[in-house]
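Q: Take a look and give me a structure for this.
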Amino acid sequence: MSTAKGTKSLYLSDHSNIKGYDYVCYDPECVSDLFEKPASECVEAFDQLRFSDWFDDASTALDYITKVKQNEKHKIVMVGSSMGGWITLAMAMKHPEMIKGIILIAPALNFMRPYYLDLYNKCTLDDQKSLDAGKTVIIDSTQGEMPLHKKFVESS
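A: Residues are numbered from 1 along each chain as shown. A predicted model of the protein is given here:
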């Protein structure tokens, strides 16, 4: 999983600084939490999370740029890795006057439902019943333990 503290992001930050470009990077809500604490401690925050919050986070980052550099014409190149590719495309469509280019690294576009179904089918029957009842369960994934709940996926 790519994060703001990951190798790709740190390289892009260094490159941007060397070239004199501004660089803003963020992690969507709850993502970096899973690297900093056990998934069991993230369940409450994850229960409150809506899929649209991740797109709102990206809009907030863009709003930050326009507020910090109020008198400049904004020409942003937005980079999205994995699910960030999906978010980047949405932001490029929403803000074509600001975003002049995009770079997508292994974009995961509209992957949530197939990913959820794959994880759901690998769950125990008890976990499937909990998910069907709207509860959050902690599952083992290729990224480690993570909370999973149906509401979040349905909102994608």
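Q: Distance of the closest residue to Ala106 other than its chain neighbours relative to Leu119?
A: For Ala106, ignoring the flanking residues on the chain, the nearest one in space by Cβ to Cβ, 6 or more residues apart in numbering is Ser82 at 5.7 Å. Using the backbone N, CA and C atoms, a C-beta is placed for each residue, glycine as well. Distance, Ser82 to Leu119, using Cβ to Cβ, to the nearest Å: 16 Å.
Q: Please apply the same query to Ile65.
A: Separation of Ile65 from Leu119 (Cβ to Cβ): 35 Å.
Q: Pick out whichever of those two has more residues nearby.
A: Of the pair Ile65 and Leu119, Leu119 is the one with more neighbours under other Cβ atoms under 10 Å, namely 18 against 15.
Q: I'd assumed Pro147 was in contact with that one.
A: No. The criterion here is Cβ atoms under 8 Å, and Leu119 misses it with Pro147 at 11.1 Å.
Q: Please identify every residue contacting each of the two.
A: Common contact partners of Leu119 and Pro147 (Cβ atoms under 8 Å, 6 or more residues apart in numbering): Ile139.
Q: Of all the helix elements in this protein, which one is longest?
A: Longest helix in the chain, counting residues (DSSP state H): helix 51-68.
Q: list the buried ones in that one?
A: 54-55, 58, 61-62 (16 or more other Cβ atoms under 10 Å).
Q: okay, those residues in a markdown table with distance to Glu44 next?
A: Converted to a markdown table, the buried residues of helix 51-68 look like this (distance: Cβ to Cβ, whole Å):
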| residue | distance to Glu44 |
| --- | --- |
| Trp54 | 18 |
| Phe55 | 22 |
| Ala58 | 23 |
| Ala61 | 25 |
| Leu62 | 28 |
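Q: Identify, from these, the entry nearest to Asp132.
A: Trp54 (24.1 Å; Cβ to Cβ).
Q: Now do the contacts for the nearest residue to Ile105 once chain neighbours are set aside.
A: Nearest non-adjacent residue to Ile105, counting by Cβ to Cβ, 6+ apart: Ser81, 4.1 Å away. Ser81 is in contact with 2, 8, 104-107, counting by Cβ under 8 Å, 6+ apart.
Q: For Ser81, grab phi and psi.
A: Torsion angles at Ser81 (phi, psi; degrees, to the nearest 10) stand at phi -110, psi 130.
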